[in-house]
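J.: fold the following.
(one chain, ligands or ions: 1)
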Amino acid sequence: MILDKVDFTKVRQIVGTHEIPHLSGTVGIRLLRTNDETPENLRAAGAKFMGDDGWFITRDAPADLIYLESHLPRFAQQFLVPNVVDLIPSTSWFASLANLLTPAAWGVLRDECIAAAGGCEDCGTEKNLECHEIWAYDEDKGVQTLESLRSVCGYCHEGYHLGLANVRNRYCTAFNRLCTINRIEDHERSDYDALIFEKYLRRSDTEWVLNLGLLEGKELRVRGKYTEIAPGLIAGESGHGEIQVGITGVTVRATMADGEKVLIG
Ligand SMILES: [Zn+2]
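T.: Next up, the predicted model:
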């Protein structure tokens, strides 16, 4: 059941760089997407250039967090509403783009996402970058809609897949990091955990249809092992058992000689 003790919908604000939390494994506060700024503007906002590593702010020097907001990794943003992360419902575990698309097709989307951000959206590091699929779940319609792709490092990525982290015996590490990024206080942690898992369990009762409309117009190749068994319904052996995945927002336009399906909006 949902616990109402803590309000996770309110903005959590820091007043200056000295309040930016310390995140394990992250030395400095590295800025993202700085190519669209002039060095003068970045310096005026309190950022320092560190050569190949990019632009940074530090906790011991003031910085214009408002000006830099679109460049700050999540954990350092001045205003932040905690992310009650959407764990993938068990009914959709293997229906991710990464699993459905050919490695080449997924690689194009992943690389575009990582290049656009230039670092981890949550902690800023440029190392060990991966791409996380953000889905919005319409529980009345049973449709999960691809909202965005997010560039995250392997450590931050674990916070979005706490069940998987648990299987890997890394739950505490992943949850601690997730709490630090989202400014969850120690006394709030059990409520936060409960909210995340209550949502996950409720959604795991639904067979979800995937809406890929966000990628409309892109050529998306689905792995050859999956077959379109009805319009908008793809089935096949996922490597972890047989799955059936309903897809909307794009349609199968061609089946290639090697069995790959081409989806285009
Ligand atoms: Zn990270």
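
J.: show me which residues of the protein are close to the ion?
T.: Counting by Cβ under 5 Å from the ion, the residues of the chain close to the ion are Cys120, Asp122, Cys123, Cys153, Cys156. Yep, even glycine has a C-beta here, placed from its N, CA and C like the rest.

J.: per-domain residue ranges of this structure.
T.: If the domains of the chain are taken from automatic domain parsing, they occupy 12-80, 90-205, 212-264, with pieces of a single domain joined by a plus sign.

J.: and the ones you listed as CSV, adding mean neighbour count and mean pLDDT?
T.: Supplementary listing: these in CSV, determined by neighbours: other Cβ atoms under 10 Å; pLDDT from 0 to 100:
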stretch, mean neighbour count, mean pLDDT
domain 12-80, 16, 95
domain 90-205, 17, 96
domain 212-264, 15, 84
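
J.: any chance you could map the strands in the stretch 151-265 of the chain?
T.: Taking DSSP state E, counting those that start in this stretch, the strands of the stretch 151-265 of the chain run over residues 209-211, 220-222, 226-230, 233-237, 242-248, 251-255, 261-264.

J.: so which of the ones you listed is nearest Leu32?
T.: Smallest distance to Leu32 across the strands of the stretch 151-265 of the chain (Cβ to Cβ): 26.4 Å, for strand 220-222.

J.: and for the closest one, what's in contact with it?
T.: Applying Cβ atoms under 8 Å, 6 or more residues apart in numbering, the contact partners of strand 220-222 are 100-102, 104-105, 212, 234, 250, 252, 256, 260-264.

J.: swap the cut-off to 6 Å and go again
T.: When contacts are taken as Cβ atoms under 6 Å, 6 or more residues apart in numbering, the neighbours of strand 220-222 outside the stretch itself are Leu100, Thr102, Ala105, Glu260, Lys261, Val262, Leu263.

J.: what's the helix or strand for Thr34?
T.: Assigned by DSSP states H and E, Thr34 falls within no helix or strand.

J.: spatially nearest residue to it (excluding sequence neighbours)?
T.: The spatially closest residue to Thr34, leaving aside those adjacent along the chain, is Trp55, at 4.8 Å (Cβ to Cβ, 6 or more residues apart in numbering).

J.: hmm, that neighbour is touching Arg33, no?
T.: No - counting by Cβ atoms under 6 Å, no contact exists between Trp55 and Arg33, whose distance comes to 10.1 Å.

J.: which parts of this protein are helices?
T.: Along the chain, the stretches classed as helices by DSSP state H are 39-44, 97-100, 103-117, 154-158, 162-167, 171-181, 189-203.
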